[in-house]
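[1] Sequence and computational prediction follow.
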Amino acid sequence: MTSVYLDHNATTSLDSRVLEVMLPWLREQSGNPTSRHIFGRSARTAIEHARTQVAEACGAYASQVIFTATGTEANNFAVKGIAANQAGLQILHSAIEHPCVSRPAQSLQQLGCKGHQVAVDQHGKLDVAQLESLLDVPTSLVSVMLANNETGVIQDIATIAEMTRQAGALMHTDAVQGLGKLPLNFIDLNVHAMTISSHKIHGPQGAAALVLDKRVDIQPLLHGGGQERGLRSGTENVAAIVGFGMACELAMANRQDFAKHTQALRDQFEHGLKSLNATIFSSQVARLPNTSFFAIKDIEGETLVIALDRKGFAVASGSACSSDSTEPSHVLLAMGVTPDLARGAVRVSFGTQNTAAQVTSLLDVLKNEILRLKQLTSIAA
Ligand code: PLP
């Protein structure tokens, strides 16, 4: 049985056109990009070309792109690197950030940087009034994600950034889920730093970037040979960076089709979900076009994910890309969802290769599995 992949917010398959541009860098003699000879120089040229492709996909200048290995690293770099220069000032981040923003922020408490979470409302939108009042205290950094990986909810980053700038603080956004799914423009977002990652857009794992305003005073996480303007030492992963560049170019060309196609599938899916009495989270606010997050009362999300997997549908429960914790989603708890309902959460994230016929079969299987699991629970009770 071949399974249907419906977990594109966790990761995506490598596009064959991306693989093609990567292969020469894996197969043939490739120089170290810092070497002065012909092999090194051609690796350097390939990296700089990728930097331009990445910059163009997110409305930035190539000189603002700093390559890292993962989005996790870029988020750690932004949070720790900016706060390190401003010890003692508070860091603010939303209550629904990915752990690779909230955990580095917590770790800075040892340096005397107080971290505060900014609440979200029942739909998952940031409480801007609370942010404004928290900004009365001197703040080094505000980090708010562009789009949430679980609910897909999109924040008004430009407005939040303006408020942050007025208070004299720096603004970072984790745009990992926005790249390729939303129009993305670093300058229009008005932020100082922005994280993006290759493997969410059919690029390889092992490449990501922090897009950074060059005036920002930031400490590197990794010290060494001084690559990436001294901000991220370590020999560059040429093949992965070249692939990331190509994936960005393709994602930009495909973005509108992606949005149209996946939103139609999501609408079809959620129409069916309503007749199954599902609670659909954040459906009343702007979301990523491909993301549906829902729960069925009295059915554990984990149980449903396993049942669907057995029937050939790969979906996620709660936050798939953070850990294998069985705790209810911190995003839903922050939105005021009860722990019982939050434990039932299941995420379906569509991609370009999914079809309307797959959605129809998913809904059929879901209906049967819900009936079966409800019967099991009533026998057990
Ligand atoms: N930020 C968000 C919103 C994510 O969804 C993820 C997902 O994995 C990350 C950061 C981490 O990125 P990476 O997997 O490249 O480390």
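    Right, received. Where do you want to start?
[2] The ligand contacts on the stretch 101-250 of the chain?
    Proximity of the stretch 101-250 of the chain to the ligand (CB under 6 Å from any ligand atom) is limited to residues 145, 149, 174, 176, 177, 197, 208. Quick note: C-beta positions are derived from backbone N, CA and C, even for glycine.
[3] how about a cut-off of 8 Å?
    Contact residues (CB under 8 Å from any ligand atom) of the stretch 101-250 of the chain with the ligand: 101, 145, 147-149, 174, 176-177, 195, 197-200, 205, 208.
[4] Next step: those restricted to strands.
    Judged by DSSP state E, the subset of those located in strands is 174, 195, 197, 208.
[5] In the residues you listed, find the pair that's most separated.
    Spatial extent of those (CB to CB) is set by the pair 174 and 208 at 10.8 Å.
[6] Identify the contacts common to these two.
    Residues touching both residue 174 and residue 208 by CB atoms under 8 Å, 6 or more residues apart in numbering: 71, 195.
[7] Farthest-apart pair in the residues of the stretch 101-250 of the chain next to the ligand, please.
    The most widely separated members of those, counting by CB to CB, are 148 and 205 (21.4 Å).
[8] if you count what's nearby, which of the two comes out ahead?
    Of the pair residue 148 and residue 205, residue 148 is the one with more neighbours under other CB atoms under 10 Å, namely 28 against 15.
[9] low-confidence ranges in the stretch 251-381 of the chain?
    319-325, 380-381 (pLDDT under 70).
[10] what ranges do the strands span in it?
    With strands called from DSSP state E, counting those that start in this stretch, the stretch 251-381 of the chain shows them at 279-280, 291-295, 313-314, 345-349.
[11] How about the backbone phi and psi for the nearest residue to residue 366 once chain neighbours are set aside?
    For residue 366, ignoring the flanking residues on the chain, the nearest one in space by CB to CB, 6 or more residues apart in numbering is residue 276 at 6.6 Å. Phi and psi for residue 276, reported as degrees, to the nearest 10, are phi -100, psi 10.
[12] do you know how far residue 276 is from residue 368?
    Distance from residue 276 to residue 368, counting by CB to CB, to the nearest Å: 11 Å.
[13] Just the buried residues out of the residues of the stretch 101-250 of the chain next to the ligand, in ChimeraX syntax.
    Only the buried entries of these go into this ChimeraX selection, using 16 or more other CB atoms under 10 Å:
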select :101,145,147,148,149,174,176,177,195,197,198,199,200,208
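[14] Identify, from the residues of the stretch 101-250 of the chain next to the ligand, the entry nearest to residue 115.
    Using CB to CB, those come closest to residue 115 at residue 101, 10.2 Å.
[15] So for that closest one, what pLDDT did the model give?
    Here, the pLDDT recorded for residue 101 equals 97.
[16] which ones are touching it?
    Listed by CB under 8 Å, 6+ apart, the contact partners of residue 101 are 75, 79, 93, 143, 145, 174.
[17] run the last query once more with 10 Å
    Neighbouring residues of residue 101 by CB atoms under 10 Å, 6 or more residues apart in numbering: 71-72, 75-76, 78-79, 91, 93-94, 143-145, 172-174, 195.
[18] distance of it from residue 163?
    Applying CB to CB, the value for residue 101 to residue 163 is 18 Å.
[19] related to what we said a few turns ago, return the member of the ones in strands among the residues of the stretch 101-250 of the chain next to the ligand nearest to the ligand.
    Comparing those against the ligand with CB to the nearest ligand atom places residue 197 closest, at 3.5 Å.
[20] hang on, that closest one packs against residue 211?
    No - using CB atoms under 10 Å, residue 197 makes no contact with residue 211, being 11.7 Å away.
[21] Find the residues that touch each one of these two.
    Going by CB under 10 Å, 6+ apart, residues that sit against residue 197 and also against residue 211 are 74, 175.
[22] one step back: and the residues of the stretch 101-250 of the chain next to the ligand, which is closest to residue 121?
    Relative to residue 121, the closest of these is residue 148; by CB to CB it sits at 13.0 Å.
[23] Leaving out chain neighbours, which residue sits closest to the closest one?
    Using CB to CB, 6+ apart and skipping residues adjacent in sequence, the residue nearest residue 148 is residue 96, 5.5 Å away.
[24] and the gap between that neighbour and the ligand?
    Residue 96 sits 10 Å away from the ligand, taking CB to the nearest ligand atom, to the nearest Å as the criterion.
[25] so is that residue in a helix, a strand, or just coil?
    coil (DSSP: H, G, I helix; E, B strand; the rest coil).
[26] what about the nearest residue to residue 138 once chain neighbours are set aside, neighbour count?
    Nearest non-adjacent residue to residue 138, counting by CB to CB, 6+ apart: residue 89, 5.1 Å away. Residue 89 is flanked by 18 other residues according to other CB under 10 Å.
[27] Quick check, the residue in the protein closest to the ligand?
    Closest residue of the chain to the ligand, CB to the nearest ligand atom: residue 71 (2.7 Å).
[28] neighbours of that residue, just the number please.
    Residue 71 has 27 neighbouring residues, counting by other CB under 10 Å.
[29] residues in contact with the closest residue to it other than its chain neighbours?
    Of all residues not flanking residue 71 in the chain, residue 197 sits nearest, at 3.4 Å (CB to CB, 6+ apart). By CB under 10 Å, 6+ apart, residue 197 lies in contact with 11, 68-75, 174-177, 179, 203, 205, 207-209, 244.
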